[in-house]
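> I'll drop the sequence and a predicted model, then ask my questions.
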Amino acid sequence: MNRRVRLAVLTPLAVSSLAFGSVSLLAGSAQAAAPSLTCSVKQTPTSPGRYDVNVKGAQPGVEVSVQGGTATNRFIASGSANDDGEFNSSGFIPAGKVTASSGDDKATCGTVKEAEQQDAQAQYSKGYQKGFDDTKAHCKMAQQNNLTQLDPNYEKGYNAGAKAALESKFC
């Protein structure tokens with residue numbers, strides 16, 4: 001009799017956990033099917049003041065709109081998402097927040113200032129690595145070659161990397 005009581009109690013628990021498990025699986029697959037709009041804004045490396053906006057997660061062929069700037073000076077671009085659900089735009093964006101929308105889905109891409117800061121950090125990091133590698137190879141500070149217009153952040157990074165190499169155990 002004791003075994004019957006245990007089975008009777010365990011059976012509803014097992015059945016209910018299976019039922020809940022299948023519900024969560026169905027809900028998870030429904031969420032995975034709906035794309036989620038994301039976007040990013042990056043400074044165009046060769047053109048100060050110009051920014052590239054990349055939008056992902058839109059429905060293919062659906063209209064995507066990108067806006068940025070201020071109330072009096074705006075950047076607006078629109079077009080259809082490609083077969084991969086992406087839309088890319090480039091242009092001169094005044095200071096401010098950049099957003100994207102497609103249907104009812106909206107996303108914040110970031111701000112022009114954030115894009116400039118990311119670019120400055122990337123330039124510094126590239127310069128630092130190059131300066132470190134060049135100096136490490138010869139154990140003396142090398143001249144920067146083949147640079148027509150030097151990015152000031154790259155130059156600062158290069159000089160810091162060269163100094164770090166000279167002060168390191170390599171030289």
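Received, thanks.
> is the spatially most central residue of the chain in a bridge, and if so with what?
The chain has residue 40 as the residue nearest its centroid, 5.4 Å off, counting by Cα atoms, centre = their mean. Taking DSSP bridges as the rule, residue 40 bridges to residue 54.
> can you give me the helices in the chain?
For the chain, the helices defined by DSSP state H occupy 2-33, 112-138, 152-167.
> lowest-confidence stretch among these?
When the helices of the chain are ranked by mean pLDDT, helix 2-33 comes last with a mean of 42.
> how much space separates residue 102 from residue 118?
24 Å (Cβ to Cβ, to the nearest Å). For every residue, glycine as well, the C-beta is placed using N, CA and C.
> okay, those two: which has more neighbours?
Set side by side, residue 102 and residue 118 show more neighbours around residue 102, with 24 against 15, by other Cβ atoms under 10 Å.
> isn't that one right up against residue 61?
No - Residue 102 is beyond contact range of residue 61, at 10.5 Å (criterion: Cβ atoms under 8 Å).
> what sits in contact with each of the two?
Common neighbours of residue 102 and residue 61, using Cβ atoms under 8 Å, 6 or more residues apart in numbering, are residue 81.
> need the contact list for residue 70.
Here residue 70 is in contact with 94-96 (criterion: Cβ under 8 Å, 6+ apart).
> isn't residue 89 up against residue 81?
No - Residue 89 lies out of contact with residue 81 (Cβ under 8 Å); the separation is 11.6 Å.
> apart from its chain neighbours, what residue comes closest to residue 69?
residue 94 (4.1 Å; Cβ to Cβ, 6 or more residues apart in numbering).
> so how far is residue 58 from residue 106?
Residue 106 is 11 Å from residue 58, by Cβ to Cβ.
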